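> Fold the following for me, if possible:
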Amino acid sequence: MQAYALQKTYVRLGVKSELINFRTPAQKDQYTPLTKRKGLKYFLKNCFFLLNYRTRKQKYLNFEEFIEKQLVTGDTEYGSLEELMDHPPCYDLYVCGSDQIWNTAPNDASMAYFLPFAKGHKVSFAPSFGQLGTMKHKEEIARYLRDFDRISVREEYGQKLIYDLIGQNVPIYTDPTILLEPAQWDELAAKPLVKGEYIFYYSLFSSKELITEVKAISKQLGLPVVVSNISNQHDLMTGFQKQTAAGPCEFLSLVKYAKVVVTSSFHGTVFSILYHKPFVVFRGMEDKRICTLLRMMGLEECSFEPGEGMKKVKESFAVNFDAVDQCIKKEQARSMEYIRETLEL
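Numbers count the residues shown, from 1 in each chain. The predicted structure follows:
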């Protein structure tokens, strides 16, 4: 969705834009309904995945359909940095999009996202290093970063890392999903998936204490809880309504039509803000990415700690979204100025 938003933004400025179609075998395996990785851990995972195979397959197909219909990609699919180095795609400007493409920890991390293969001008727009205490390959990354014409990042943590690596004080810009208006996201959003009012609970890493908070909020409000993913064992026996086949368009719908959103996700937070939803973020001010966003929007009070869930939910209904929209307009203007400057290199 960040790729979609940033590509739409460049197209809106009259620029022909393509996404480099880069998919490593590790990344493909990570998102297929059943993993091909070997070992007891992955065997047990596949046993669990088989119980939900139909919805996992549908989710996968929903994402593939979004990529095919909504994104403009290059004709060549690359599976490794070596392939990119041997036959680099040729453009006037290369842009590192957003989200955690500069996080070196995930299974599908790659130095390709630092564009060592690119022969033209190189810039970044609000990428993230994730939330790491340490970073792998520091010297190599520093070498690649020095070759960029312009660098920006998404949060204060990334700004500090860049300074530590190459001595540059780079700007922070908002996530590209915020560059589009809610009406533009509405063009993609699926029809309502749930009848009646509901709480949308969206977390990439559930915990017992977070599940306890969500259940307490549900009881107090008298509303069912809907989830779009099962992140770990804590999600299994909750009794929440599952919409686990949801792809990007269904995710937008679940946020748009929710009465309340409870999340611990950066983009769960982003789309709650865009859609003016009463929302709370579990330990949001402890997350290096989310806290930057909440401070930027003046929404620090939407973060909650264990035991504060219902109190914070009640307060969220009084959020002044007119003031938030002014913050969004300001960040959109700053971002567009930066993007236009990158086109003049």
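
> rest of the way, CA atoms for contacts and neighbours
Noted.

> I'd like to know how many residues surround residue 71.
Applying other C-alpha atoms under 10 Å, we find 18 residues neighbouring residue 71.

> ok, it - contacts?
3-4, 7, 19 (C-alpha atoms under 8 Å, 6 or more residues apart in numbering).

> In those, find the pair that's most separated.
4 and 19 (9.4 Å; C-alpha to C-alpha).

> Surely residue 210 touches residue 305?
No. Counting by C-alpha atoms under 8 Å, residue 210 sits too far from residue 305 to count as a contact (9.3 Å).

> And those two? Which one has more around it.
residue 210 (22 against 17).

> Next up, the contacts around that one.
With contact taken as C-alpha under 8 Å, 6+ apart, residue 210 is in contact with 282, 306.

> tell me the SS of it?
helix (DSSP: H, G, I helix; E, B strand; the rest coil).

> Now list whatever residues contact both of residue 210 and residue 305.
Contact criterion C-alpha under 8 Å, 6+ apart; residues shared by residue 210 and residue 305: residue 282.

> Tell me which residues are up against the longest helix seen in the chain.
Among the segments of the chain that qualify as a helix by DSSP state H, the longest is helix 321-342. The contact list for helix 321-342 (C-alpha under 8 Å, 6+ apart) reads 123, 125, 150, 173-174, 178-179, 273, 276, 296-298.

> Switch those residues over to a markdown table; also include secondary structure and pLDDT.
As requested, the contacts of helix 321-342 are arranged in a markdown table below (DSSP: H, G, I helix; E, B strand; the rest coil; pLDDT from 0 to 100):
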| residue | secondary structure | pLDDT |
| --- | --- | --- |
| 123 | strand | 98 |
| 125 | coil | 97 |
| 150 | strand | 98 |
| 173 | coil | 96 |
| 174 | coil | 91 |
| 178 | helix | 97 |
| 179 | helix | 97 |
| 273 | helix | 98 |
| 276 | coil | 98 |
| 296 | helix | 95 |
| 297 | helix | 97 |
| 298 | coil | 97 |
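
> Which pair of those spans the longest distance?
Farthest pair in the contacts of helix 321-342, by C-alpha to C-alpha: 150 and 276, 32.8 Å.

> Check which residues of stretch 54-73 are buried.
If you call a residue buried by 16 or more other C-alpha atoms under 10 Å, then stretch 54-73 has these buried ones: 55-63, 66-67, 71-72.

> So what's the residue count around residue 19?
Residue 19 - counted by other C-alpha under 10 Å - has 16 other residues nearby.

> same deal with residue 285?
Residue 285: 20 neighbours (other C-alpha under 10 Å).

> Checking it next. Helix, strand or coil?
helix.

> List the contacts of the nearest residue in space to it that is not next to it in sequence.
Leaving out its chain neighbours, the residue that sits closest to residue 285 by C-alpha to C-alpha, 6 or more residues apart in numbering is residue 291, at 4.5 Å. Applying C-alpha under 8 Å, 6+ apart, we find residue 291 in contact with 284-285, 300.

> before we move on, what about residue 305?
282-283.

> Now for the residue nearest to residue 114 when sequence neighbours are not counted, how many residues are close by?
Leaving out its chain neighbours, the residue that sits closest to residue 114 by C-alpha to C-alpha, 6+ apart is residue 144, at 6.2 Å. Residue 144 has 16 neighbours, counted by other C-alpha under 10 Å.

> Run through the residues that contact residue 178.
Here residue 178 is in contact with 270, 274, 328, 332 (criterion: C-alpha under 8 Å, 6+ apart).

> So what's the residue count around the last one?
Counted by other C-alpha under 10 Å, the residues lying close to residue 332 total 19.

> confidence score at residue 30?
Among the per-residue scores, residue 30 holds a pLDDT of 88.

> Enumerate every residue touching it.
Per C-alpha under 8 Å, 6+ apart, neighbours of residue 30: residue 108.

> I appreciate the help and will end here.
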